[in-house]
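*Asks:* After the sequence you'll find the predicted model.
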Amino acid sequence: MSWWSRLFQRGQSVLPYDPYDAAQRVLPDPYEPFIGSAVPIADPGQPLALAQRHDIEKIWRAQPNIRKIVDFIARNVATIPLHVHERVSDTDRQRVKDHPLDALMALPRAGVSPFRFWHAVLSDALLYDRWAALLVETGGGYELIQIPSWRLRFEVDALRRVRSALFWVGDQPADIREDTENGWRRLDMDSLIFDYGYAPSTAGLSPMVTLKDILDESAEAVMYRRQTWANGARVPAYMTRPAGAAPWSSRARERFRREFREAYTNDGPYAGGVPLLEDGMRLEKFDAFSPQDAMDLEGRRLTAIEVAAAFHIAPELVGAQQGNYSNVREFRQMLYRDSLGPYIAAIEQTLNAQLTPRLAGDRPLYIEANVESKLRGSFEEQAQLLSSAIGAPWMTRQEGRARMNLPEQEGADELVVPLNVLTGGQASPRDSGGQNRTASRKALETPSKSVLLPQTYDKQLQNMLRDFFGRQGRSVRSRIGAGEDDWWDSDRWNEELAADIYRLAVLVSTYVGENTAESIGFEPSAYNVERTLNYLRAVSEGISEQLNITTFSQLKDALEEDEPGEAVDHVFEIAETSRAEQSALTMGTAFTGFAAAEAGRQLIGNKATKTWVVNSSNPRSSHAMMDGETVGIDDVFSNGLPYPGSLDGTVEETAGCQCSLLINVP
């Protein structure tokens, strides 16, 4: 049996001694404690972490902020599954599930869950700034055995390159300590997977060294608070006796002191009450050094913030500071990309640099953390996103029943498509619509006219956007000027602008729809705007999001300028002038085109046709060529748009467009 097998007693009970029994624990000599020492002292041949081992354990037990932050990082990163992929080409990546490397990632160590294994690895890395695991071949594959970081020692050269790794066995039974170098046993570097942080002259340095003063101060504050509440009177005061009072004997003074403490301090029956004094005695108040004077709560909060900052975690994520995450999606993005992203990348890169080459052979395999599994929204969010992207239902009734743990039902395997969802025809609405053009532009059998948007509605759209950009500018400039990090509230701006756009979208489309109905021989009231409200709301939300994305992007660039204040002001000046005018024109064209097409669809059906009409004296060349082009009411024009200004078009096709539709009755 090898020393490694004897150390872990494979197939046997636990070690024949208690490693937490101070009487049995053997530490290297000389040993100088770290906590309370001005300068840590340890034998040069021994790593400082070995001398600090019990101090870090003490910190782990006694400092809630350390345990909270370390656990927060380790738990969240350890829940991310590690998948193995094969790089087939630059554009093709395939998941690999039948390889020993994938089996090792699914179960790093036999009998230990992946979560517990990686939680221990990450906790060691966070506390000691180093971690290591041995790759051991078993009968059925491989496993990783973690090396406790306090037992680990790296020997580095003058360039801080790790030349060897040693494992402390000096506190183990004699047969395990045989043939060691002063209690150290060298590890096989060809089987070792390890990582360590930066330190000026060593391979990693525990963050506890840096946090020592802050943690000591926090410990002293806790001790002071405990002593104050245990020994101090509930009222900061002292007692006096009049100058002419008869002198007290030592016995009488001791009796009074004892009786007063028993009655009015600690858990005495009159603690917190008003003492009954005698012989003209007086209770005099004085200014005591109280926990409130020491700003105890503020001190604890600042300690939590300092510890979070030491581990590069936003204090808002762990409750150390009030956060302002407007929704769960932003919280997840902040957590798994900005805060935990570097820790995840460190694990990935270490495994791909040291473990993958040893097991992958010639295959281009790599390990990747499936962070997307944590960034995905709820089922409702995913369902809405997929439905919008696909344009139709995407789950069968059978799949829905399985998701709810219901038994299969006969005839539930087909995808149900509502009657208001049309499929077939072109592969994409952006495909060329040339095949849908009429062979010739025939004269209309029923006279009709193109309905244009009155100038008053265009002005309302412009004023609405100017008011919004002005309101947004005042708020954002105020927050930036105050030095706030969360100066942009995307949910607020999207909701406010969408509500403003939706109100005018309904007004504009109602006017155009009713006038289009009248132009083709129907009563204006025949146009049913109620059928369009859900669509108009969705379009308003889409326009709002795009406008705010543009503003946010411009503001980010402005803050990088030499004069960020002036640059931010310029962004909103442009927004309230040219952007408001251009966006209002584009939105008006879109709502007008939609309402005209919708009126023809509602009142005539698929027999109606629509004609593209150019109203500008200086149209873009592509639109000038389309002037008079006629297609079916449900078809698209040659530029891929169903009507002028449609959101399906690119900026080049829709921005500033003033075209309109003519509805034709056969």
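*Replies:* Now that the structure is in, tell me what you want to look at. Numbers count the residues shown, from 1 in each chain.
*Asks:* Could you give the number of residues near Tyr264?
*Replies:* 18 (other CB atoms under 10 Å). The way it works is simple: take the backbone N, C-alpha and C, and place the C-beta from them, glycine included.
*Asks:* next one: Thr650
*Replies:* Counted with other CB under 10 Å, the neighbours of Thr650 add up to 11.
*Asks:* What of Phe552?
*Replies:* Neighbours around Phe552, by other CB under 10 Å: 15.
*Asks:* show me what contacts it?
*Replies:* Residues near Phe552 by CB atoms under 8 Å, 6 or more residues apart in numbering: 488, 490.
*Asks:* where's it, which helix or strand?
*Replies:* Using DSSP states H and E, Phe552 maps to helix 533-559.
*Asks:* How far off centre is that helix?
*Replies:* 21 Å (CA atoms, centre = their mean, to the nearest Å).
*Asks:* Likewise for stretch 64-71?
*Replies:* On CA atoms, centre = their mean, the centre of stretch 64-71 falls 19 Å from the chain's centre.
*Asks:* and it, which residues are buried?
*Replies:* Buried residues in stretch 64-71, counted by 16 or more other CB atoms under 10 Å: 65-71.
*Asks:* And for stretch 150-157?
*Replies:* Judged by neighbour count (16+ other CB under 10 Å), stretch 150-157 contains these buried residues: 150-154, 156.
*Asks:* Stretch 526-545 too?
*Replies:* Residues 527, 529, 532, 536-537, 539-541, 543-544 are the ones in stretch 526-545 that count as buried (16+ other CB under 10 Å).
*Asks:* Out of those residues, which is nearest to Ala243?
*Replies:* Nearest to Ala243 among the buried residues of stretch 526-545 is Ser544, at 81.2 Å by CB to CB.
*Asks:* how near is that closest one to Gly588?
*Replies:* Going from Ser544 to Gly588 by CB to CB, to the nearest Å gives 16 Å.
*Asks:* Can you name the residues bridging to Arg153?
*Replies:* Going by DSSP bridges, Arg153 is paired in beta bridges with Leu166.
*Asks:* Surely it touches Gly170?
*Replies:* No - with contact defined as CB atoms under 8 Å, Arg153 does not count as touching Gly170 (11.4 Å).
*Asks:* quick one: common contacting residues for the two?
*Replies:* Counting by CB under 8 Å, 6+ apart, the residues touching both Arg153 and Gly170 are Trp184.
*Asks:* After the helix holding Phe552, which helix or strand is next?
*Replies:* helix 564-574.
*Asks:* Figure out how far the helix or strand following that next one is from the centre of its chain.
*Replies:* Next in sequence after helix 564-574, counting helices and strands by DSSP H and E, comes helix 580-603. Mean C-alpha position of helix 580-603 versus that of the full chain (CA atoms, centre = their mean) differs by 38 Å.
*Asks:* hmm, who's touching stretch 575-594?
*Replies:* 451-453, 457-458, 461-462, 464-466, 469-470, 473, 501, 504-505, 508-509, 512, 532, 535-536, 539, 543, 547, 551, 642-647, 654-661.
*Asks:* Tell me which entries of those lie within strands.
*Replies:* 660-661 (DSSP state E).
*Asks:* Just the buried residues of the contacts of stretch 575-594.
*Replies:* If we count by 16+ other CB under 10 Å, these have these buried: 451, 453, 457-458, 461-462, 464-466, 469, 473, 501, 504-505, 508-509, 512, 532, 536, 539, 543, 547, 551, 642-646, 654, 657-661.
*Asks:* any low-confidence regions in this protein?
*Replies:* 1-54, 218-219, 221-222, 224-236, 286-301, 319-333, 374-392, 394, 403, 417-449 (pLDDT under 70).
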